[in-house]
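> Mind looking at a prediction? Sequence and model below.
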Amino acid sequence: MPDFRVFFAGAADALLFNARSPGEARAKAQGVGRPIRKIKLDRETVDPCHRAPRLTRRELNG
């Protein structure tokens, strides 16, 4: 399961939550009691075979 980095309003740091989806990470983070500003996938915890390939702009536009 990947980790999600949860950023809280008014805080410079973020906490990691292990969850299957951003919604599950949000539910876990709401237990902290601070307003959530942003949730991002921590790419380093995703298995490389499940990660989308990085494409250049030229490859994307064909």
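Sure thing, it's come through. Note that the coordinates shown come from a computational prediction; the quantities given were computed from them, not determined experimentally.

> in stretch 22-30, what's buried?
Within stretch 22-30, the residues scored as buried using 16 or more other C-beta atoms under 10 Å are 22, 25, 29. Any C-beta I mention is one placed from the backbone N, CA and C, and that applies to glycine too.

> is it fair to say the last one lies in a helix?
It stands for residue 29. Yes - applying DSSP: H, G, I helix; E, B strand; the rest coil, one finds residue 29 inside a helix.

> what sits against it?
6, 8, 15, 17, 36, 39 (C-beta atoms under 8 Å, 6 or more residues apart in numbering).

> Out of these, who's the most crowded?
residue 6 (24 neighbours; other C-beta atoms under 10 Å).

> wait, isn't residue 1 in contact with residue 18?
Yes - counting by C-beta atoms under 8 Å, residue 1 does reach residue 18; the two are 5.4 Å apart.

> Tell me which of these two has more neighbours.
Higher neighbour count among residue 1 and residue 18: residue 18, with 13 against 10, using other C-beta under 10 Å.

> Which residues does the more buried one form beta bridges with?
Beta-bridge partners recorded for residue 18 (DSSP bridges): residue 3.

> How much space separates it from residue 61?
36 Å (C-beta to C-beta, to the nearest Å).

> cool, and residue 12?
With C-beta to C-beta as the criterion, residue 12 and residue 61 are 37 Å apart.

> Report the central residue of the chain.
Residue closest to the average C-alpha location in the chain (C-alpha atoms, centre = their mean): residue 41, at 1.9 Å.

> quick one: contacts for the residue nearest to residue 30 when sequence neighbours are not counted?
By the measure of C-beta to C-beta, 6 or more residues apart in numbering, the closest residue to residue 30 outside its immediate chain neighbours is residue 36, 7.2 Å from it. Contacts for residue 36 (C-beta under 8 Å, 6+ apart) come out as 6-9, 26, 29-30.
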